[in-house]
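*Asks:* just the structure for this:
(one chain, ligands or ions: 2)
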Amino acid sequence: MSAVRYEHIKTCKQSGARLGKVHTPHGTFETPVFMPVGTLATVKTMSPEELVEMGAGIILSNTYHLWLRPGHEIVREAGGLHKFMNWNGSILTDSGGFQVFSLSDLRKITEEGVHFRNHLSGEKLFLTPEGAMDIQNALGSDIMMAFDECPPYPAEYSYMRQSVERTSRWAERCLEAHKRPEDQGLFGIVQGGEFEELRKQSAKDLVSLDFPGYAIGGLSVGEPKDVMNRVLEFTTPWLPEDKPRYLMGVGSPDSLIDGAIRGIDMFDCVLPTRIARNGTCMTSEGRLVVRNAKFSNDFRPLDENCDCYTCRNYSRAYIRHLVKTSETFGFRLTTYHNLYFLLKLMERVRQAIREDRLLDFREEFFEQYGFNKP
Ligand SMILES: Nc1cc(N)c2c(=O)[nH][nH]c(=O)c2c1
Ligand SMILES: [Zn+2]
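*Replies:* Numbers count the residues shown, from 1 in each chain. Ligands and ions are numbered 1, 2, ... in the order given. The predicted structure is shown next:
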C-alpha cells in the first residue's frame with residue numbers, strides 16, 4: 001500500500017482537465033495544485049503559519065541543496081524535514097538530479113551515477129540513485145522523486161534516447177532502494193525531450209514499474225511554450241488516469257492553466273518567490289514591477305482584485321519604498337502576495353473544472369491578465 005493515493009473527482013467536460021485529491025501521510029490536498037518552493041527548508045521569507053493561512057497544502061524542498069546544507073543526517077537527527085522546519089502539511093522533495101545538471105559544472109554521467117562538483121565549494125561529489133533515495137529517506141518527505149537525468153534543451157535524439165533508457169534503469173534502482181513505501185510515495189520522472197517516441201517509451205517504462213505518481217521532467221528548461229504544450233499533449237495519454245501527474249518547474253499563470261487543461265495535477269516553480277525578491281508582482285492585470293518610479297505615490301494596493309494580507313494593508317508606494325531600500329519586510333509582502341495569487345488562481349481553476357468551463361475561464365483570465373495582447 002503506497003503512502004500516496006490519488007482520488008479522481010471529475011474531469012472537466014469542456015477541457016479534459018482533472019479535479020482530484022492527493023492523500024499523503026501529512027494530509028490531503030486538492031488538485032490541480034501549485035506547490036510553493038522551499039529550497040533550503042524554508043519558503044523564502046514566509047512562515048509556515050503564513051503558508052497555511054494562504055492555503056498551501058504542499059511545499060517542495062530540494063534534495064541536492066539540503067544534502068549540501070545542513071546535510072541530510074542533521075535533518076534525520078531532527079526527526080525529518082516536517083519537524084525541522086515546523087511544517088505539518090505535505091512535502092515533496094525533488095531528486096537532486098536537476099540541480100546536479102543545472103548548478104554544477106565538470107559533471108560526468110556514468111551508469112552508476114553522476115560525478116560533479118559542489119557548486120559552493122568546488123568539492124568533488126558523486127550522486128547515485130541509491131544515494132538520492134537515502135537523502136530523501138532521511139528528509140522524510142511525503143513524496144520523493146526518482147533520480148533522473150534532465151538533459152538540456154535542445155538535445156540530439158540519439159543522446160536523448162540513451163538518457164531516457166538510463167533514467168528508466170535508474171528509476172528501477174530507486175524502487176529497489178526505496179526503504180519505506182508505506183510512509184513515502186515515490187514518483188517516477190518521464191523524460192524524452194520533445195521526441196514523441198521517447199516520451200512514450202519513458203512513460204511506458206515507468207508505468208510498468210507501477211509508481212504511485214508520475215512527473216513530467218525535462219520541460220521548463222528553455223523550450224518555447226508551444227513545445228511544452230505539445231509534449232504534454234502526447235505524453236499524458238501514456239500515464240494512468242488514477243495516479244497524479246506532476247509537471248516539474250512550471251509556475252507562470254498561463255502555463256499553470258494550460259498545463260491543467262492538458263491533464264496536469266501538480267506544479268512547482270520558484271518564479272513567484274524569485275520575482276517577488278526583485279519587486280515584481282503577479283496581479284490580475286498582469287505583471288507589476290513595484291520598484292518603478294511611477295508607483296512612488298500610488299497609494300492603491302498591488303492588486304485591487306486581491307484580498308491578501310499585503311493588498312488589504314499596504315500600498316504600492318509603501319511596498320516600492322521598502323523594496324527600493326532593500327527592507328526585508330518589502331520582500332515578505334511581495335512574496336506573500338505572489339504566492340497567494342497563484343494559490344488562489346489554482347482555486348479558481350478547480351472551480352472552473354467543477355463548472356465544466358475551464359476553457360472559458362482561460363479566455364477570461366488571459367484577457368484580463370493581458371496574455372492575448374499582441
Ligand atoms: N524543470 C525541471 C525542474 C526540476 N526540478 C526537475 C527535476 O527535479 N528533475 N528532472 C527534471 O526534468 C526537472 C525539470
Ligand atoms: Zn495581494
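*Asks:* now stretch 267-287: buried residues?
*Replies:* 267-273, 275-277, 279-284 (16 or more other C-beta atoms under 10 Å). Backbone N, C-alpha and C define where each C-beta goes, glycine included.
*Asks:* filter the residues you listed down to the ones in helices?
*Replies:* Counting by DSSP state H, those place 271-273, 275-276 in helices.
*Asks:* need the CA coordinates for the helix or strand bottoming out on mean pLDDT in the chain. PDB is fine.
*Replies:* When each helix and strand of the chain is scored by mean pLDDT, DSSP states H and E, helix 97-103 comes last, with a mean of 86. The C-alpha coordinates for helix 97-103 follow below in PDB (Å, rounded to 0.1, in the frame of the first residue of the first chain):
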ATOM      1  CA  GLY A  97      19.200  15.300 -10.500                       C
ATOM      2  CA  PHE A  98      18.000  18.600 -11.800                       C
ATOM      3  CA  GLN A  99      20.400  20.700  -9.600                       C
ATOM      4  CA  VAL A 100      23.300  18.400 -10.300                       C
ATOM      5  CA  PHE A 101      22.700  19.000 -14.100                       C
ATOM      6  CA  SER A 102      21.800  22.700 -13.800                       C
ATOM      7  CA  LEU A 103      24.000  24.000 -11.000                       C
END
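*Asks:* is it anywhere near ligand 1?
*Replies:* Yes - applying C-beta under 6 Å from any ligand atom, one finds helix 97-103 in contact with ligand 1 at 97-98.
*Asks:* which other helices and strands does the very next helix or strand once past that helix contact?
*Replies:* Sequence-wise, the next helix or strand downstream of helix 97-103 (DSSP states H and E) is strand 108-109. With contacts taken as 3 or more C-beta pairs under 8 Å, 6 or more residues apart in numbering; DSSP states H and E, strand 108-109 sits against strand 114-117.
*Asks:* other SSEs contacting the strand it packs on?
*Replies:* Using 3+ C-beta pairs under 8 Å, 6+ apart as the contact criterion, the elements in contact with strand 114-117 are helix 97-103, strand 108-109, strand 124-127.
*Asks:* centre of the chain versus that strand, how much separation?
*Replies:* Centre-to-centre, strand 114-117 and its host chain are 24 Å apart (C-alpha atoms, centre = their mean, to the nearest Å).
*Asks:* what is the mean pLDDT for stretch 29-45?
*Replies:* Averaged over stretch 29-45, pLDDT sits at 98.
*Asks:* and it, C-alpha only, in CSV?
*Replies:* What follows is stretch 29-45, C-alpha atoms only, in CSV (Å, rounded to 0.1, in the frame of the first residue of the first chain):
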residue,chain,number,x,y,z
PHE,A,29,-4.5,18.5,-1.0
GLU,A,30,-6.8,19.2,-3.9
THR,A,31,-5.6,19.2,-7.4
PRO,A,32,-4.7,20.9,-9.7
VAL,A,33,-2.3,22.3,-7.1
PHE,A,34,0.6,24.8,-7.1
MET,A,35,3.5,23.9,-4.7
PRO,A,36,5.5,26.8,-3.2
VAL,A,37,9.2,26.0,-3.4
GLY,A,38,11.1,25.9,-0.1
THR,A,39,14.6,25.1,-1.4
LEU,A,40,16.5,25.1,1.9
ALA,A,41,13.7,24.1,4.2
THR,A,42,12.0,27.4,4.1
VAL,A,43,9.8,29.1,1.5
LYS,A,44,11.9,32.2,1.5
THR,A,45,10.6,35.0,3.9
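*Asks:* right, is that stretch up against ligand 1?
*Replies:* No - contact between stretch 29-45 and ligand 1 is absent, the nearest approach being 9.0 Å (criterion: C-beta under 6 Å from any ligand atom).
*Asks:* pull the contacting residues for Asn305.
*Replies:* By C-beta atoms under 8 Å, 6 or more residues apart in numbering, the contact set of Asn305 is 283-285.
*Asks:* thinking again about what came up before, now the two most distant members of the buried residues of stretch 267-287.
*Replies:* Pairwise distances across these peak at 23.6 Å for Phe267 and Gly279 (criterion: C-beta to C-beta).
*Asks:* what's the end-to-end length of stretch 11-29?
*Replies:* End-to-end distance for stretch 11-29: 17 Å, by C-alpha to C-alpha, to the nearest Å.
*Asks:* fine by me, we can end here.
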